[in-house]
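**Student:** need coordinates for the following:
(chains A, B, C and D)
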Protein chains: 2
Amino acid sequence: MTSAPSPTWPPAFGPDARKPRRRTLSRDLIVETALRVIDTEGMDALNMRRVAQELGTGAASLYAHVANKDELVALVLDRVYADMRHPEPDPARWREQVKDFLCQARDNLVAHRDLARAAMEANIPTSPNALDSAETMLGLMRAGGLSEQVAAYAVDALSLYVVATAVEESTRGGFAGQDPAQVDTYLDGVRSFFRSLPPERYPLIVSMVDPLTRNEGDERFEFGLDVLLDGLVAQAERGR
Amino acid sequence: MTSAPSPTWPPAFGPDARKPRRRTLSRDLIVETALRVIDTEGMDALNMRRVAQELGTGAASLYAHVANKDELVALVLDRVYADMRHPEPDPARWREQVKDFLCQARDNLVAHRDLARAAMEANIPTSPNALDSAETMLGLMRAGGLSEQVAAYAVDALSLYVVATAVEESTRGGFAGQDPAQVDTYLDGVRSFFRSLPPERYPLIVSMVDPLTRNEGDERFEFGLDVLLDGLVAQAERGR
DNA sequence: TGGCGTGAACGAACAACGTTCGTCTCGAAC
DNA sequence: GTTCGAGACGAACGTTGTTCGTTCACGCCA
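**Tutor:** Okay, the predicted model is just below:
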């Protein structure tokens, strides 16, 4: 590993001593770059040095614009919530509107790899664009005739389901549905594992391998969503 | 910061040179120790050196019994699932039984700080005791008359809701409900933040602060659970 | 136009982490 | 009594988030 010692030039004579100092750093640019890293390599690959490298600078430079990594991730998340489109409440179609809005939210999340993991770790939403989504959901629910308390609880439960589903889905096989073939091979592995289990201990799991591992588009996600919304409709009618 | 250089004794004469070599390491002991660390200091404080120190040894020693940290966490999680008590299915009371079982699961999770985070990151459950719980749930659902596909989807959705709720709750204010007073002060902070929001942009959030931040025991958790179960009952009756 | 203060960029460094390496040592089998 | 292997162990490596002290470019005021 010992290489010939290369002579160290005095700084002024070093190669390209006048490298152009990039003065173009900004908060938005950092957030956008971080999102691009997440999109292409996932959350695990997101670190300060990686983002800085993408911008042709060092990690320390980022801290002039961003308090720490947690704040950066929160900003990225809020940036993604900004892409949501918000419907005008129509009382006659509140159930459909809520479902559409939540499907949109899920699509928006899984479009950015496993970014949903950040949404899961976040507490009660406090970022501007996340609050916009909460406000919209509350509007749809209240238009549907749900009481204040039921609407408040429902927003919580539904948001939780959407985010948790996005996390689960984006973790399947390591990366989200971006390559369906690899998800299939992962599920094939699960199937053969389930089938190899001792039937005397796990009779139902072994006999229900196919329903348990069924993967037909958004069927699984929409099933849970419909169950929740059916339950909410029942609540609404009961409270009336 | 320069202190007087203390003389370094040759190893053989050092203090307590004959420290008893603990040959009592085992997989179960490591798992139990890790769980204790999680219980007392939370998941963030769980690292290999910390567990090893608790056992009076070095981090490297653990790797003879455990492949890596991920496996250790998975073992801890399975160890916690072992505490579940499994009911005998009674078709007449299936809804109540499912609810009781899931409440037990939630209590079991939040009893160990933010261990639920590990359950969230885990994929489809493949550990023995987690599979036992899935098997039990499937048995209760099938006894209730749900179709194979509905039961399979339902187990997924309900498990997801329980784990996600546990994560959310254990993250509130940094630590789970172990100190209700501190959770209250956290919620007070959220309340005053919500109230300080611009009413023209967030009219519903501002006017619904109290319902949104209500924290009455397990009311919030049970609300979502009841909504899901109501929706499932509706599914069951529809499919009949 | 020329000096100057300030915020930002930067390289180096620190501490904590998961993990691996090579060595040593104990206990049991022969 | 010798051998041998599993496991305990200290040291080290590479990666991470973050901080420190310095340097520098730009805009302001004289």
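
**Student:** who's in contact with stretch A:156-163?
**Tutor:** A:98, A:102, A:105-106, A:109, A:116, A:119-120, A:125, A:134, A:137, A:224-225, A:228, B:157, B:160-161, B:164-165, B:168, B:220, B:223-224, B:227 (CB atoms under 8 Å, 6 or more residues apart in numbering or on different chains). Quick note: C-beta positions are derived from backbone N, CA and C, even for glycine.

**Student:** which parts of chain A sit against DNA strand D?
**Tutor:** With CB under 7 Å from any atom of the strand as the criterion, chain A comes near DNA strand D at residues A:21, A:23, A:46-50, A:59-60, A:63, A:68-70.

**Student:** may I ask which of those residues has the most neighbours?
**Tutor:** A:Leu46 (21 neighbours; other CB atoms under 10 Å in any protein chain shown).

**Student:** my guess is A:Asp100 meets A:Asp90, correct?
**Tutor:** No: look at A:Asp100 against A:Asp90 with CB atoms under 8 Å: they stay out of range, at 11.2 Å.

**Student:** how many residues are close by the closest residue to A:Leu115 other than its chain neighbours?
**Tutor:** Nearest residue to A:Leu115, sequence neighbours excluded (CB to CB, 6 or more residues apart in numbering or on different chains): A:Ile38, at 5.5 Å. For A:Ile38, the count of nearby residues is 22 (other CB under 10 Å).

**Student:** with A:Leu204 instead?
**Tutor:** 20.

**Student:** what's it sitting at in phi/psi?
**Tutor:** Backbone torsions for A:Leu204, taken as degrees, to the nearest 10, come to phi -70, psi -40.

**Student:** would you mind measuring from it to DNA strand C?
**Tutor:** Using CB to the nearest atom of the strand, to the nearest Å, one gets 34 Å for the distance from A:Leu204 to DNA strand C.

**Student:** could you do A:Pro211 as well?
**Tutor:** 34 Å.

**Student:** tell me the confidence at that residue?
**Tutor:** Per-residue confidence (pLDDT) for A:Pro211: 97.

**Student:** that one contacts B:Ala152, doesn't it?
**Tutor:** Yes: under the criterion of CB under 8 Å, A:Pro211 makes contact with B:Ala152 at 3.8 Å.

**Student:** those two: who's more crowded?
**Tutor:** Per other CB under 10 Å, whichever of A:Pro211 and B:Ala152 has more neighbours is B:Ala152, with 26 against 16.

**Student:** that older thread, the helix or strand where the residue nearest to A:Leu115 lies: what's the following helix or strand?
**Tutor:** Here A:Ile38, judged by DSSP states H and E, is contained in helix A:27-41. Beyond helix A:27-41 on the C-terminal side, the first helix or strand identified by DSSP H and E is helix A:48-54.

**Student:** is DNA strand C within reach of whichever helix or strand comes after that following helix?
**Tutor:** For helix A:48-54, the following helix or strand on the C-terminal side (DSSP H and E) is helix A:59-62. Yes: for a cut-off given as CB under 7 Å from any atom of the strand, helix A:59-62 has contacts with DNA strand C, namely A:Ala59, A:Ala60, A:Ser61.

**Student:** buried ones in the helix holding A:Ile38, by neighbour count?
**Tutor:** The neighbour-count check on helix A:27-41 (16 or more other CB atoms under 10 Å in any protein chain shown) flags A:Ile30, A:Val31, A:Thr33, A:Ala34, A:Leu35, A:Val37, A:Ile38 as buried.

**Student:** make CSV out of those and add pLDDT.
**Tutor:** CSV is the format used below for the buried residues of helix A:27-41 (pLDDT from 0 to 100):
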residue, pLDDT
A:Ile30, 94
A:Val31, 95
A:Thr33, 94
A:Ala34, 96
A:Leu35, 96
A:Val37, 95
A:Ile38, 95
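
**Student:** near DNA strand C, from the residues you listed?
**Tutor:** Counting by CB under 7 Å from any atom of the strand, no member of the buried residues of helix A:27-41 reaches DNA strand C.

**Student:** please identify which of those residues is nearest to B:Arg201.
**Tutor:** Distance to B:Arg201 across the buried residues of helix A:27-41 (CB to CB) is lowest for A:Val31, with 21.3 Å.
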